[in-house]
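J.: structure for the following, please:
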Amino acid sequence: MDIKEQLRLIPESSGSYQFFDKDNTIIYVGKAKNLKRRVSSYFNKKHDSVKLAVMVPQIVRIEFIITNSEVEALILESHLIKKYKPKYNVLLKDDKKFPYFLITKEDYPRILVTRKRNKNMQEGKYFGPYTNAKSMYTTLDLLKKLFPLKQCKSPKFKDRPCIYYQIGRCLAPCQKLVTSEEYKKLIKNVELFLSGKQMQLVDELKSLMEKYSLSQEYEKAAKYRDSYFDVLKTIEKQKVVYENTNINQDIISVSTNDYLGGISLLQIRDGRLTNKKDFEISKNDYDTDSEIISYFIKEYYLMINPEDIPSEILFSAQIDEEDKQIFEKWLSAKKGSNVKVKPANNKKNNDILELALKNSNYHLEEMKVKSLQEVQNNYNEAGSYIQEKLSLSKFPHVVECFDISHIQGTNTVASMVCFNNGMPKKSEYKRYKIKTVETGKPDDFQSMREVVYRRYSRLLKEGKPFPDLIIIDGGKGQLSSAVEILSELGVKNQDIISLAKRIEEVFLPHKSESVIFPLNSQALYFFQRIRDEAHRFAITFHRKLREKSAVHSELDDIKGLYQKNKKLLIDKYSSINKISKLTKEELMLLLSKKQAQIVYDYFNTGKKQNG
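T.: Just a heads-up that it's a prediction; the model follows:
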């Protein structure tokens, strides 16, 4: 069944949809209020998004699951993404690695640290996730000092309390030295602290201190007094963000580069900055900050307790209005009270948003250093394996990869990307407009001949070194074209291969059989990364050429309009449609009176004569 037939069967209901490729692998999971309209939109228009331009041609099958509401669709989508980890979805790194605090479900509960949270684990109340284990254990030490909870799962002695009681770190419930009612108050205070409700906790501790003082239970009053002052000291260390102590917010900011995404979440409780959490996003090259934030909101708030959800969630980028409404409906229902979800784009929130962005930028820099070390360590092994498997003449330190891009035969372009020891070296990237292929008649073989000739004839002319390995995106035909040109240039003993997408086959010159790398190998992952980067770079160039052709062509028809003013108009308004609707007064805000008149006349009175 082809795509058109599949689209006809999709209902106009809310639900989740899944896209499959030719290998029957789920490559994308989404959700929609109207499945038919949303899924059809992928196939009914040209996409500016590079991600969609790459993904949509790979879709061969569509499945969907109908739900009763958009909120159900959102939760289902998140579960499917976690289960299948589709390559074109943004993924938060596995939350099972993040530790939680667990208050156990026992007659006298304990507080534990656990890294797993599922139905098979111990019952109780979870707080987290915490992304900084060191900070978490510091908090645990403070909790044990403030609140002397039970330390041991079972009594160490039958007739006396253990040393934790002697040093004031336990109330010895195993020896019945504390009532169940008293212990429950202690647990309630721990929950207030972990929920960020320190001001409420301060009031509670002060009330208990005064209560026991009045009843002349001075030992208990002294313990609550000590806890009261310790919590006050903790609060004093926290930055005051708002004078209004009723403000409870989460501020989410995202910082990304081509390969990494870092998210920082600042927690504002009772008007104070109480905590920061950093997350790493597994992101492909084509996702926007808005998409990442939408996915993060779904995944993060599925993990946490309802009472830990603040009344406001602010973030550093715009998100889809439909998503915003669904999030508010879902989170309000989960929390049991109204939750606002909105971008932090007003003056009131500028300072806290700037602080969040500083944190996410710093987190991204840390990730870059860590990622570079990991890639380079992995590449030593992967490069050796590639050299041995393909019988290369030397270790592939410097690798260059070529890709050809055209849409319906227009604006054929090529890209060359360079990786050095497993990492992109963007200063060496090259883009080429193909000159020898007739418009409307794409010829990938001739395009590859041209670009390989231009690249390596220039290196020969300039006396520069060749890469250790050349990769051609394509099959045997494209590889033969490239080998032919290198031979004509007199280049000998150059390692060159091609990578075909069908089953990720690697072809070698003058050999009929392809080489297949294991699907889970670092070597194949490297080939896919460099091939995808070349593809991304080519498609981005192709899109820019099309946009330039579409936007600039009509402005070029306006006689007497200066080139610098064309650029001013394009930079300011980005589209011909917007420019054509401007009044003369609006144009004069940007151009001189005479130049504004020329543009205004062209679009309103003198277009035919002028053109």
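
J.: tell me where the stretch 401-550 of the chain has strands.
T.: Using DSSP state E, counting those that start in this stretch, the strands of the stretch 401-550 of the chain run over residues 410-420, 423-424, 430-433, 469-473, 496-500, 505-507, 515-516.

J.: any idea how many residues pack against Ser316?
T.: 22 (other CB atoms under 10 Å). Any C-beta I mention is one placed from the backbone N, CA and C, and that applies to glycine too.

J.: actually Gly490, sorry about that
T.: 7.

J.: please apply the same query to Ile472.
T.: Around Ile472 there are 29 residues (other CB under 10 Å).

J.: ok, it - contacts?
T.: By CB atoms under 8 Å, 6 or more residues apart in numbering, the contact set of Ile472 is 401-402, 448, 478-479, 482, 496-499.

J.: helix/strand/coil for Ala317?
T.: The local conformation at Ala317, judged by DSSP: H, G, I helix; E, B strand; the rest coil, is coil.

J.: just give the nearest non-adjacent residue to it, would you?
T.: Asp289 (4.1 Å; CB to CB, 6 or more residues apart in numbering).

J.: rewinding a little: between the strands of the stretch 401-550 of the chain, which one is nearest to Ser332?
T.: strand 423-424 (43.3 Å; CB to CB).

J.: mind listing the strands that closest one pairs with, and their directions?
T.: strand 410-420 (antiparallel) (DSSP bridges).

J.: tell me how far the partner strand lies from the chain's centre.
T.: Taking the mean of its C-alpha atoms, strand 410-420 sits 25 Å from the chain's own mean (CA atoms, centre = their mean, to the nearest Å).

J.: stretch 63-73 now?
T.: Worked out by CA atoms, centre = their mean, stretch 63-73 lies 23 Å from the chain centre.

J.: quick one: mean pLDDT for it?
T.: For stretch 63-73, mean pLDDT rounds to 87.

J.: hey, C-alpha coordinates of that stretch in CSV?
T.: Extracted in CSV, the C-alpha atoms of stretch 63-73 (Å, rounded to 0.1, in the frame of the first residue of the first chain):
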residue,chain,number,x,y,z
GLU,A,63,0.8,3.5,11.8
PHE,A,64,-1.3,5.3,14.3
ILE,A,65,-3.0,4.8,17.7
ILE,A,66,-6.3,6.7,18.4
THR,A,67,-6.7,8.3,21.8
ASN,A,68,-9.6,10.0,23.6
SER,A,69,-7.9,13.3,24.0
GLU,A,70,-4.8,15.4,23.0
VAL,A,71,-3.5,14.9,26.6
GLU,A,72,-3.6,11.1,26.2
ALA,A,73,-1.9,11.5,22.8
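
J.: the nearest residue to Leu331 once chain neighbours are set aside: neighbour count?
T.: Leaving aside its sequence neighbours, Leu331 sits nearest to Val339 (CB to CB, 6+ apart; 4.2 Å). For Val339, the neighbour count with other CB under 10 Å is 20.

J.: quick one: residues contacting Val339.
T.: Val339 makes contacts with 309-313, 328, 331-332, as judged by CB under 8 Å, 6+ apart.

J.: helix or strand for Glu5, which one?
T.: Using DSSP states H and E, Glu5 falls within helix 3-9.

J.: buried residues of stretch 210-219, list them for me.
T.: Buried residues in stretch 210-219, counted by 16 or more other CB atoms under 10 Å: Tyr212.

J.: wait, doesn't the residue nearest to Ala317 sit right on Val254?
T.: Yes. If you go by CB atoms under 8 Å, Asp289 and Val254 touch, sitting 4.9 Å apart.

J.: what sits in contact with each of these two?
T.: Counting by CB under 8 Å, 6+ apart, the residues touching both Asp289 and Val254 are 316-317.

J.: and these two? which has more neighbours close in?
T.: Val254 (26 against 19).

J.: assign a three-state SS to the closest residue to Leu355 other than its chain neighbours, would you?
T.: Closest residue to Leu355 apart from its sequence neighbours, by CB to CB, 6+ apart: Leu266 at 6.7 Å. Of the three states, Leu266 takes strand under three-state DSSP.

J.: mind checking how far Leu266 is from Asp250?
T.: To Asp250, Leu266 is 7 Å away according to CB to CB, to the nearest Å.

J.: and for Phe445?
T.: 54 Å.

J.: neighbour count winner among those two?
T.: Using other CB under 10 Å as the criterion, Phe445 and Asp250 rank with Asp250 on top: 25 against 17.

J.: other residues contacting whichever strand or helix holds the more buried one?
T.: Per DSSP H and E, Asp250 falls inside strand 249-256. Under the criterion CB under 8 Å, 6+ apart, residues 261-268, 281, 283, 289, 292-293, 296-297, 310-317, 344, 349, 352-353, 355-357, 359-361, 363-364 lie in contact with strand 249-256.

J.: try it again at 6 Å.
T.: 262-268, 289, 292-293, 310, 312-316, 352, 356-357, 360-361, 364 (CB atoms under 6 Å, 6 or more residues apart in numbering).

J.: so the strand or helix carrying Asp278 versus strand 249-256, what angle?
T.: Following DSSP H and E, one finds Asp278 within strand 272-282. If you take axes from the mean of the first three to the mean of the last three CA atoms, to 10 degrees, strand 272-282 sits at 30 degrees to strand 249-256.

J.: now strand 272-282: mean pLDDT?
T.: What strand 272-282 shows for mean pLDDT is 79.

J.: can you pull the buried residues of it?
T.: Buried residues in strand 272-282, counted by 16+ other CB under 10 Å: 272-281.

J.: could I have the buried ones of the contacts of strand 249-256 as ChimeraX selection syntax?
T.: Here is the ChimeraX selection string for the buried members of the contacts of strand 249-256, based on 16+ other CB under 10 Å:
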select :262,263,264,265,266,267,268,289,292,293,310,312,313,314,315,316,352,356,357,360,364
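
J.: now Val178. Nearest residue, chain neighbours left out?
T.: Leu171 (3.9 Å).

J.: using CSV, lay out the buried residues of strand 272-282 together with distance to Lys45.
T.: Formatted as CSV, the buried residues of strand 272-282 follow (distance: CB to CB, whole Å):
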residue, distance to Lys45
Arg272, 47
Leu273, 44
Thr274, 45
Asn275, 43
Lys276, 41
Lys277, 38
Asp278, 37
Phe279, 33
Glu280, 33
Ile281, 27
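
J.: what about Ser290, how many residues nearby?
T.: Applying other CB under 10 Å, we find 17 residues neighbouring Ser290.

J.: got it, and Glu182?
T.: Applying other CB under 10 Å, we find 13 other residues in the vicinity of Glu182.

J.: which residue comes closest to it once chain neighbours are left out?
T.: Leu171 (7.6 Å).

J.: cool, Gly422 as well?
T.: Tyr379 (3.1 Å).

J.: next up, phi/psi of that neighbour, please.
T.: For Tyr379, the backbone dihedrals (degrees, to the nearest 10) come out as phi -70, psi -30.

J.: any chance you could give me the helix or strand Lys342 falls within in PDB, C-alpha atoms only?
T.: Assigned by DSSP H and E, Lys342 falls within strand 340-343. The C-alpha coordinates for strand 340-343 follow below in PDB (Å, rounded to 0.1, in the frame of the first residue of the first chain):
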ATOM      1  CA  LYS A 340       0.700  28.300  33.200                       C
ATOM      2  CA  VAL A 341       3.100  27.300  30.400                       C
ATOM      3  CA  LYS A 342       4.600  30.300  28.500                       C
ATOM      4  CA  PRO A 343       7.800  31.700  27.000                       C
END
